[in-house]
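*Asks:* This is the structure alone, sequence omitted:
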């Protein structure tokens, strides 16, 4: 029987951290190692174990080669199984806390199912949920896991989902025909607001920011009353609203990516919740 070199899970953990963080420096911080130690690990993985180039330089960062992309999928699955074994045989009753940051618009759409399944498996873990715009969440260092919105081509971390960004209004109200166009949007720190305004400016469509709120529920209430148009991710538009497009004279909007960031040294609790988040967004 042929024998193959084994791959240390610590090498895979560092490799995944580099892929998630886009470089060796931030990856070293995430796995609590020095940059030189990470470099030595990857040299060993590339030259001694796999004998394949896994990275190529991209400005100040690195990106994965085709072989690196293949390994990334396997590495995530191996680490997931490794974590499941440890969790099942050594820590059947995890106790502790985990802090997660997310924009408000994902809370009602995605988190109920994710947190419900996580609580069924780990009822003694306390979960703190912090809701802020992506721009603010990216600046925070005190969260274990962060879900943020990014423009295509600027993704960092692990891709959860790619989404369309769409206009919406209440049926029976022709609010999109008003000029200036009344908008109901998140506060000024939101990516979505900037994208919507830029699209309207490019078409020279007059608009006014009629309503702002940090809460998606408040925005939906305003739009449902026929008071304004909003622009949001398609998956968070409730069924009582109708989606608008160029047929109604509104400009197309860019797509976006939802990504998961792992901040700092990951515990078994935070990594297990991260796996539930990845699965929840796929569902």
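*Replies:* Cool, got the structure. Small disclaimer: the values here were computed from a predicted structure and weren't measured. Residues are numbered from 1 along each chain as shown.

*Asks:* Quick one: the strands in the chain, in order.
*Replies:* Along the chain, the segments classed as strands by DSSP state E run 55-58, 61-64, 96-102, 125-131, 145-150, 158-163, 165-169, 181-185, 207-212, 230-233, 242-244, 256-262.

*Asks:* Pick the most buried one from the ones you listed.
*Replies:* strand 230-233 (a mean of 24; mean count of other C-beta atoms under 10 Å). Placement of C-beta: from N, CA and C, glycine included.

*Asks:* Identify the residues contacting that one?
*Replies:* Strand 230-233 is contacted from outside by 105, 149, 163-169, 183-185, 192-193, 195-196, 216, 219-220, 222-223, 253, 256, 258, using C-beta atoms under 8 Å, 6 or more residues apart in numbering.

*Asks:* how does it look with 6 Å?
*Replies:* Residues from elsewhere that reach strand 230-233 (C-beta atoms under 6 Å, 6 or more residues apart in numbering): 163, 167, 168, 184, 192, 196, 219, 223.

*Asks:* Need those in CSV (columns: pLDDT and distance to residue 60).
*Replies:* Output for these, formatted as CSV (pLDDT from 0 to 100; distance: C-beta to C-beta, whole Å):
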residue, pLDDT, distance to residue 60
163, 87, 28
167, 97, 37
168, 97, 39
184, 96, 39
192, 81, 28
196, 92, 31
219, 94, 38
223, 97, 42
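
*Asks:* want to throw those residues into TSV with distance to residue 233?
*Replies:* Converted to TSV, the contacts of strand 230-233 look like this (distance: C-beta to C-beta, whole Å):
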residue	distance to residue 233
163	5
167	12
168	10
184	15
192	8
196	12
219	12
223	14
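
*Asks:* quick revisit: I'd like the strands of the chain as CSV, with distance to residue 137 appended.
*Replies:* Output for the strands of the chain, formatted as CSV (distance: least, C-beta to C-beta, whole Å):
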stretch, distance to residue 137
strand 55-58, 24
strand 61-64, 21
strand 96-102, 4
strand 125-131, 8
strand 145-150, 5
strand 158-163, 14
strand 165-169, 18
strand 181-185, 18
strand 207-212, 18
strand 230-233, 16
strand 242-244, 27
strand 256-262, 8
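
*Asks:* picking that back up, closest one of the contacts of strand 230-233 to residue 96?
*Replies:* Comparing the contacts of strand 230-233 against residue 96 with C-beta to C-beta places residue 163 closest, at 31.9 Å.

*Asks:* What's opposite the closest one in the beta bridge?
*Replies:* Beta-bridge pairing of residue 163, defined through DSSP bridges, involves residue 256.

*Asks:* From here on, call the first residue 55.
*Replies:* Will do, 55 is the new start, and the previous item becomes residue 217.

*Asks:* Contact partners for it?
*Replies:* For residue 217, the contact set (C-beta under 6 Å, 6+ apart) comprises 287, 289, 310.

*Asks:* do residue 262 as well
*Replies:* 234, 236.

*Asks:* Without its sequence neighbours, what residue ends up closest to residue 189?
*Replies:* Nearest residue to residue 189 in three dimensions, chain neighbours excluded: residue 243, at 4.8 Å (C-beta to C-beta, 6 or more residues apart in numbering).

*Asks:* And that neighbour, what's its pLDDT?
*Replies:* pLDDT recorded at residue 243 is 72.
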